[in-house]
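In: here is a sequence with its predicted model. Questions after.
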Number of protein chains: 2
Amino acid sequence: MATPFRMTEQAYLVLLALTAEPLHGYAVIQVVRELSGGRTVLAAATLYGALDRLGAAGLVEPAGESVVDGRLRRYYRITSDGRAAAEAETERLRALAARAQEALRRRPVAQEARRRPAAGGFAAPAGGVA
Amino acid sequence: MATPFRMTEQAYLVLLALTAEPLHGYAVIQVVRELSGGRTVLAAATLYGALDRLGAAGLVEPAGESVVDGRLRRYYRITSDGRAAAEAETERLRALAARAQEALRRRPVAQEARRRPAAGGFAAPAGGVA
DNA sequence: TGCTATATATCGGTGACCGATATGTTAAAC
DNA sequence: GTTTAACATATCGGTCACCGATATATAGCA
């Protein structure tokens, strides 16, 4: 692999947006916004940068053009490699979130340290490291 | 907020690593490696950069020092704000992964386009955009 | 006339990440 | 006895993903 693809969250969202059907760039921005619950609104430069990288990695490919209401639309389609990558990344995130939930459940409330480290000196860590 | 904190995945992992108990930097690297299933191995520069940013945002704070076997250990502790941030980010990831799984389930196999766009001309997108 | 939405694309700055480097201790391998 | 590896800290400098701003163009609304 000439360009080792970095699966950033934005690129991942673009990939996800294309799983249902081919979309043109502007539509990808909107679908990503929905997919992310309104939290991620891709800047145009981010979108086209991500599409370039995804295309170079073979995860996305052009899917034709059309003109609607006098405006050009350039469509993109996810490839089978792209789908596999999206599935793998989804599983990674799911597993990470599950592990995180478990770790957070183990200590529901942060216990406050009662012994402050002596000013300027060394002290045993307040958390009680074994 | 002077420095709007960006919750990157690496910073999130550092936060998660500190949920169980205060840790020193080197230990954070190891716990993150375990938490991420071996996928994320923090570079030292990344760790200290993340700790600085987390500290500036009030999500992590110093928790004393100690010397073990002649080696200095500097401990860090998660704050209640940090725990809240970790919980929020965990929920965001969980929801995203769930939505992604649903989207991917809807079309298990990528359907191949049968109509190629006419060479050099405009064509309706192969995916059948409504 | 101006503003918003749709739709494309690029430039240039910011900043998170990380390889490399530096310093020092402990301990196993050779 | 010297080298290698693990432990433990920290910084420098380069790369690159991200994004605000900008540019171009059409359609519709105030």
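Out: Nice, thanks for sending it over.
In: which bits of chain A sit near DNA strand C?
Out: A:24-27, A:30, A:43-45, A:48-49, A:68-69, A:71-74 (CB under 7 Å from any atom of the strand). C-beta here means a position set from N, CA and C on the backbone, and glycine is covered the same way.
In: now intersect those with the strands, please.
Out: Residues of the residues of chain A next to DNA strand C located in strands (DSSP state E): A:24, A:68, A:71-74.
In: chain A: strands as residue ranges?
Out: Using DSSP E, strands in chain A cover A:23-24, A:60-68, A:71-78.
In: what subset of the residues of chain A next to DNA strand C is buried?
Out: A:24-25, A:27, A:73 (16 or more other CB atoms under 10 Å in any protein chain shown).
In: give me the pLDDT value at the nearest residue to A:Leu54 once chain neighbours are set aside.
Out: Excluding its sequence neighbours, the residue lying closest to A:Leu54 (CB to CB, 6 or more residues apart in numbering or on different chains) is A:Val60, at 4.0 Å. Looking at A:Val60, its pLDDT reads 97.
In: mind listing the residues bridging to A:Val60?
Out: For A:Val60, the beta-bridge partners under DSSP bridges are A:Ile78.
In: any idea how many residues pack against it?
Out: A:Val60 has 26 neighbouring residues, counting by other CB atoms under 10 Å in any protein chain shown.
In: and the lengthiest helix in chain A, what other elements does it pack with?
Out: If you go by DSSP state H, chain A has its longest helix at helix A:80-106. Judged by 3 or more CB pairs under 8 Å, 6 or more residues apart in numbering or on different chains; DSSP states H and E, helix A:80-106 is in contact with helix A:9-17, helix B:9-17, helix B:25-35, helix B:80-106.
In: wait, doesn't A:Val60 sit right on A:Tyr48?
Out: No. Judged on CB atoms under 8 Å, A:Val60 makes no contact with A:Tyr48 at a distance of 11.8 Å.
In: widest-spaced pair of the residues of chain A next to DNA strand C?
Out: Greatest spatial distance among these (CB to CB): A:Gly49 and A:Asp69, at 26.7 Å.
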